[in-house]
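[1] Build me a model from this:
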Amino acid sequence: MEVLSPDVTLWTDGGGKVRQALKPVVGLETVARWFAALGTATYQGIEPGQMRAELTWINGGPGIVFCGPDRVVAALTFDFDPEGRISTIHNVANPDKLRAVADGTLHELS
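    Modelled structure (predicted):
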């Protein structure tokens, strides 16, 4: 919670192909609850215990890639405020955009 800005905004992109939030998720508590709920539910057919998170560099900055046993399911990138807290989280789960992650070409995900 301390790494998030009080007015943090989560943007999601499922490309209409996977289920994601339809509107931006705004605010420290709301964003934290959103991520906490993900940790308890099956996501795209993958049980929470089967999911792994890998820290990596995406678009020249820190990111996290979430993988199931056989595929990449989401990638997170971040924007930071002047105090170094996360002000924006971009959650890309659109399979078309995740091809770059699966191919190992993480440098251009948008």
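[2] Could you tell me which other helices and strands the longest helix seen in the chain packs against?
    In terms of residue count, the longest helix belonging to the chain (DSSP state H) is helix 28-38. Packing partners of helix 28-38 (3 or more Cβ pairs under 8 Å, 6 or more residues apart in numbering; DSSP states H and E): strand 4-13. To be clear about C-beta, it is placed using only N, CA and C from the backbone, and glycine gets the same treatment.
[3] Give me the helices and strands touching the least confident helix or strand in the chain by mean pLDDT, please.
    Sorting the helices and strands of the chain by mean pLDDT, DSSP states H and E puts helix 95-102 at the bottom, at a mean of 80. Using 3+ Cβ pairs under 8 Å, 6+ apart, the elements in contact with helix 95-102 are strand 72-80.
[4] Walk me through which strands the strand it packs on pairs with, and which way each runs.
    Counting by DSSP bridges, the strands paired with strand 72-80 are strand 61-67 (antiparallel), strand 86-92 (antiparallel).
[5] Need the winner for burial among those strands.
    Counting by mean count of other Cβ atoms under 10 Å, strand 86-92 has the highest mean neighbour count of those, with a mean of 20.
[6] Can you show me the CA trace of that one as CSV?
    Output in CSV follows, covering the C-alpha atoms of strand 86-92 (Å, rounded to 0.1, in the frame of the first residue of the first chain):
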residue,chain,number,x,y,z
ILE,A,86,3.0,4.2,-8.4
SER,A,87,0.5,6.6,-9.8
THR,A,88,-0.8,4.5,-12.8
ILE,A,89,-0.9,0.8,-13.4
HIS,A,90,-1.4,-0.5,-16.9
ASN,A,91,-2.7,-4.1,-17.0
VAL,A,92,-2.6,-5.6,-20.5
